[in-house]
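In: Let's see this in three dimensions:
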Amino acid sequence: MSKLAIGAHVGQENPIEQAISLGLDHIQLFVGDPQGWKASVIPHPEGAEGLKAQAEAAGIGIYVHARYLINVATSNNKVRIPSRKMLQSDVDAAASIGAKGVIVHGGHVTADDDAQLGFDNWAKALAQLDMKVPVFIENTAGGQHAMARRADAIKKLWDAVGDTEVGFCLDTCHAHAGGIPIESAAETILGITGRIDLVHCNNSRDEFDSGADRHANLAVGKIDMDALIACLAKANAPIVLETPHDAVADDITALRSAF
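Out: As a prediction, this is how the structure comes out:
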């Protein structure tokens, strides 16, 4: 089995030191309040150049998770337009710190909207985005009107955006909770998109197709560990753990022993 690069989501206080202490190949972080619309904030006393230099000196890669509030699919102008601006802001900040990519959730439309509107809005958003670093759309766990929960919706999304340079981030908890069996999740996504650029490796606290986005540490969730490892091997992409921090070291050890 090939060696896969392993990382974890870390807090904004001394992120590179956290990576070193955990023995990570890369980290994922936010560049601002994940629930806010305010401007990007680089978590380093010397700003973007300081964080970039520190990461390069330590040999630590960086991924940026875009803000949770971003929803470029919606028909609501008061959300969609700020979402496009915030995604650009996070991409710009990611470029300034030498990040490998920006991960953004697929978003959703309302019950009153035709789902195709959301797919079209994604295409429009990407057409105007200055993609200074790669952008990866992440599958989501819940919502009946989500753009990237179920395989059929992801297929329609990729029909709309697949001719752009956008990539895909497979979240294993979201796949399980969203109704995509983990045993075939990587194969399903590869069959639709032709690519998996990053994997968010998380177990799930809830049952299959629950729609609940509640991550669990690898050894204690509802996803079978052997099936999870097989999914990661099939995806063959860098891994980011987003599991509860108090046991993330055990999760890293488990993945290191598998890969």
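In: so what's P15 up against?
Out: Going by C-beta atoms under 8 Å, 6 or more residues apart in numbering, P15 touches 27, 29, 43, 51. C-beta coordinates here come from the backbone N, C-alpha and C atoms, glycine included.
In: Quick check, pLDDT for it.
Out: We have a pLDDT of 97 for P15.
In: Torsion angles phi and psi at it?
Out: Recorded main-chain torsions at P15 are phi -60, psi -40, according to degrees, to the nearest 10.
In: Okay, strands next: where are they in the stretch 151-259 of the chain?
Out: All strands of the stretch 151-259 of the chain, identified by DSSP state E, counting those that start in this stretch, fall at 167-171, 198-201, 203-204, 215-216, 239-241.
In: between the ones you listed, which gets nearest to E17?
Out: strand 239-241 (17.4 Å; C-beta to C-beta).
In: State the mean pLDDT of the closest one.
Out: Here the average pLDDT along strand 239-241 is 98.
In: Show me what that strand is packed against.
Out: Counting contacts by 3 or more C-beta pairs under 8 Å, 6 or more residues apart in numbering; DSSP states H and E, strand 239-241 packs against strand 6-9, strand 198-201, helix 248-258.
In: Please identify the deepest-packed of the ones you listed.
Out: strand 198-201 (a mean of 26; mean count of other C-beta atoms under 10 Å).
In: In CSV: the helices and strands packed on strand 239-241, plus distance to G142.
Out: Shown next, in CSV, are these (distance: least, C-beta to C-beta, whole Å):
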stretch, distance to G142
strand 6-9, 20
strand 198-201, 15
helix 248-258, 23
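In: V102 and D92 touch, don't they?
Out: No: applying C-beta atoms under 8 Å as the test, V102 and D92 come out as separate, 9.8 Å apart.
In: So between the two, which is more surrounded?
Out: V102 (26 against 16; other C-beta atoms under 10 Å).
In: Low-confidence ranges, this structure, go.
Out: Applying pLDDT under 70 to the chain flags residues 1-2.
In: for it, what spans make up the helices?
Out: 15-22, 47-58, 77-96, 115-128, 151-161, 172-178, 182-193, 225-235, 248-258 (DSSP state H).
In: closest one to A39 among these?
Out: helix 77-96 (6.7 Å).
In: that older thread, now the strands of the stretch 151-259 of the chain in JSON lines, with distance to I154?
Out: Shown next, in JSON lines, are the strands of the stretch 151-259 of the chain (distance: least, C-beta to C-beta, whole Å):
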{"stretch": "strand 167-171", "distance to I154": "8"}
{"stretch": "strand 198-201", "distance to I154": "15"}
{"stretch": "strand 203-204", "distance to I154": "18"}
{"stretch": "strand 215-216", "distance to I154": "20"}
{"stretch": "strand 239-241", "distance to I154": "19"}
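In: To what extent is G11 buried, counted in neighbours?
Out: 12.
In: Name the nearest residue to it, sequence neighbours excluded.
Out: Residue nearest to G11 in three dimensions, not counting chain neighbours: Q18, with 6.9 Å by C-beta to C-beta, 6 or more residues apart in numbering.
In: need the contact list for that neighbour.
Out: Contacts of Q18 (C-beta under 8 Å, 6+ apart): 10-11, 27.
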